[in-house]
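Asks: Next one to model:
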Amino acid sequence: MELSTLVVAKNKKNRARHPAVVLVLLACACAGGIAPASGAGGGRWDLLQRSIGVSAMHMQLLHNDRVIIFDRTDFGRSNLSLPDGRCRVNPRERVLPRGDCTAHSAEYDVAANAFRPLSICTDTWCSSGTVTPDGTLVQTGYWNDGFRNARTMPACGGTGDDKSCDWSEKQDALAANRWYATNQILPDGRTFIFGGRRQFSYEFYPKAGPSDTSVVQMPFLVQTKDPEENHLYPFVHLNIDGNLFIFSNNRAVLLDYKSNRIVRTYPVLGDGDPRNYPSSGSSVLLPLKPNPTEAEVLVCGGAAAGSYNATKGGAGTFVPALTTCGRIKITDAAPAVFVTVSSRSSCPAAQRQDYQR
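Replies: Numbers count the residues shown, from 1 in each chain. Predicted coordinates:
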């Protein structure tokens, strides 16, 4: 048995002209077939592609074992040309409005170790996305030419798909500008789109019809915005009761999105330091048992209050990230409490020093 993990690393220097994206395969030999390299864990790294020409700002593995990789479009040309002499002409594009003949998205086929360019029209920087039940990637928002757009990329793999299967885009598909929002798939297959910069509301995609411009206001987002924002890219998880657990800044609520009603308010996590963008931490709904009766959420990282503004001006002050996690049983009938644990690295000191360099 062989476990393969796809990893993407990118060169942060001059990302527009030298997107040195390296795809590697972590092959852990659980049985015969691969001679493990030296090291306590065994396994080895194999270089698969020295460059795919597109920076992996966003990346999504689909159920067909193909990885959709895409980047912002307003940072200049990439190192991957569009096929058949095609060019992207977008008058609202800020850098290359008269034409850009390079790709800003690619599909990587894990089994074949091959990639091909994809056509994405509008900017996806700070957009948000999710995958529908049929395996389609839905990516929404950003800014400038992509504020209200919805982009869909199906899971390709049929005969002849490699030439015809590509991104499609719907202009002004959303009712509000969405930038740094969060998307969550719902049981009925719709996408729940929550928040974003200067947007204290949520909406659903696809819309009920062409005339549907509805958004639902969410005062909780106003309450959790601070002078540094820290309420962007909120954490959203579908609870086992069908409601949505929503964490913004340093606290959470349980939302019945069908009636726009908050059914539970959770306590502030830890000392109240922010955990959302720009003080970016991360969150996960922990694995569920079959026929679950309880669910737990883990929130890790973030930054001390004031850290973002401290970086501005002159040399700036850069405060270390938080090393704590909060774990909460979101299904508890009694008022739930965040249990705070340390997430400090257990790596040997020498390895930590290498990492810090």
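Asks: Could I get the contacting residues of residue 189?
Replies: Counting by CB atoms under 8 Å, 6 or more residues apart in numbering, residue 189 makes contact with 132, 133. All C-beta atoms are positioned from the backbone trio N, CA, C, and that covers glycine.
Asks: helix, strand or coil for it?
Replies: Under DSSP: H, G, I helix; E, B strand; the rest coil, residue 189 falls in the coil class.
Asks: Check it and give its pLDDT.
Replies: Residue 189 is assigned a pLDDT of 96 by the prediction.
Asks: can you check residue 333 too?
Replies: Predicted confidence (pLDDT) for residue 333: 79.
Asks: contacting residues for it?
Replies: No residues are in contact with residue 333 under the rule CB under 8 Å, 6+ apart.
Asks: For it, give me phi and psi.
Replies: When read as degrees, to the nearest 10, the backbone of residue 333 gives phi -70, psi -40.
Asks: From residue 274, how far out is it?
Replies: Here the distance between residue 333 and residue 274 works out to 28 Å (CB to CB, to the nearest Å).
Asks: distance of the nearest residue to residue 58 once chain neighbours are set aside from residue 319?
Replies: Using CB to CB, 6 or more residues apart in numbering and skipping residues adjacent in sequence, the residue nearest residue 58 is residue 70, 5.1 Å away. Here the criterion is CB to CB. By it, residue 70 lies 32 Å from residue 319.
Asks: Among these two, which residue is more densely surrounded?
Replies: residue 70 (28 against 14; other CB atoms under 10 Å).
Asks: Which strand residues bridge the more buried one?
Replies: Assessed by DSSP bridges, residue 70 has beta-bridge partners residue 58, residue 105.
Asks: That one touches residue 52, doesn't it?
Replies: No - Residue 70 is beyond contact range of residue 52, at 11.4 Å (criterion: CB atoms under 8 Å).
Asks: Need the residues touching each of those two.
Replies: By CB under 8 Å, 6+ apart, residue 70 and residue 52 have these common neighbours: residue 106.
Asks: Neighbouring strands - and their directions - for whichever helix or strand residue 116 is part of?
Replies: For residue 116, the element it lies in under DSSP states H and E is strand 114-118. Using DSSP bridges, the strands paired with strand 114-118 in its sheet are strand 105-109 (antiparallel).
Asks: Would you enumerate the residues in contact with the residue most central in space within the chain?
Replies: Compute the mean C-alpha point of the chain, and by CA atoms, centre = their mean the closest residue is residue 128, 6.2 Å away. Listed by CB under 8 Å, 6+ apart, the contact partners of residue 128 are 139, 140, 141, 178, 180, 181, 182, 183, 193, 233.
Asks: contact partners of the strand holding residue 116?
Replies: Strand 114-118 is contacted by residues 49, 52-54, 68-70, 80-83, 103, 105-109, 153, 162, 166-167 when judged by CB under 8 Å, 6+ apart.
Asks: switch to 6 Å and redo it
Replies: The list of residues contacting strand 114-118 from outside it, by CB atoms under 6 Å, 6 or more residues apart in numbering, reads 52, 80, 82, 103, 105, 106, 107, 108, 166, 167.
Asks: possible to save those residues as TSV with distance to residue 59?
Replies: Rendered in TSV, the data for the contacts of strand 114-118 read as follows (distance: CB to CB, whole Å):
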residue	distance to residue 59
52	11
80	15
82	20
103	15
105	10
106	10
107	11
108	9
166	17
167	15
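Asks: Present those residues as TSV; the columns should include pLDDT and distance to residue 324.
Replies: TSV is the format used below for the contacts of strand 114-118 (pLDDT from 0 to 100; distance: CB to CB, whole Å):
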residue	pLDDT	distance to residue 324
52	94	36
80	96	41
82	94	46
103	95	41
105	97	36
106	97	37
107	96	38
108	96	35
166	95	43
167	96	39
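Asks: quick one: residue 269 from residue 286, how far?
Replies: Residue 269 sits at a distance of 16 Å from residue 286 (criterion: CB to CB).
Asks: higher neighbour count, these two?
Replies: For residue 269 against residue 286, the residue with the higher neighbour count under other CB under 10 Å is residue 269, and the figures read 26 against 11.
Asks: Helices of this protein, residue ranges please.
Replies: 161-164, 219-224, 307-310, 349-356 (DSSP state H).
Asks: Nearest residue to residue 260 in space, please, no chain neighbours.
Replies: residue 216 (5.2 Å).
Asks: quick one, domains of the protein?
Replies: Residue ranges for the domains of the chain, per the TED database: 44-196, 218-347.
Asks: Identify, out of the ones you listed, the most deeply packed stretch.
Replies: domain 44-196 (a mean of 18; mean count of other CB atoms under 10 Å).
Asks: give me the low-pLDDT residue ranges for the stretch 1-150 of the chain?
Replies: Where the stretch 1-150 of the chain drops to pLDDT under 70, the residues are 1-40.
Asks: that older thread, name the nearest of the contacts of strand 114-118 relative to residue 294.
Replies: Nearest to residue 294 among the contacts of strand 114-118, counting by CB to CB, is residue 108 at 37.6 Å.
Asks: Tell me the predicted confidence for residue 239.
Replies: Value listed for residue 239 in the pLDDT field: 98.
Asks: nearest spatial neighbour of it, skipping sequence neighbours?
Replies: With CB to CB, 6+ apart as the measure, residue 245 is the residue that lies nearest to residue 239, at 5.3 Å, once sequence neighbours are left out.
Asks: ok, now residue 222?
Replies: Taking CB to CB, 6+ apart as the measure, residue 222 lies nearest to residue 200, with 4.9 Å between them; neighbours along the chain are not counted.
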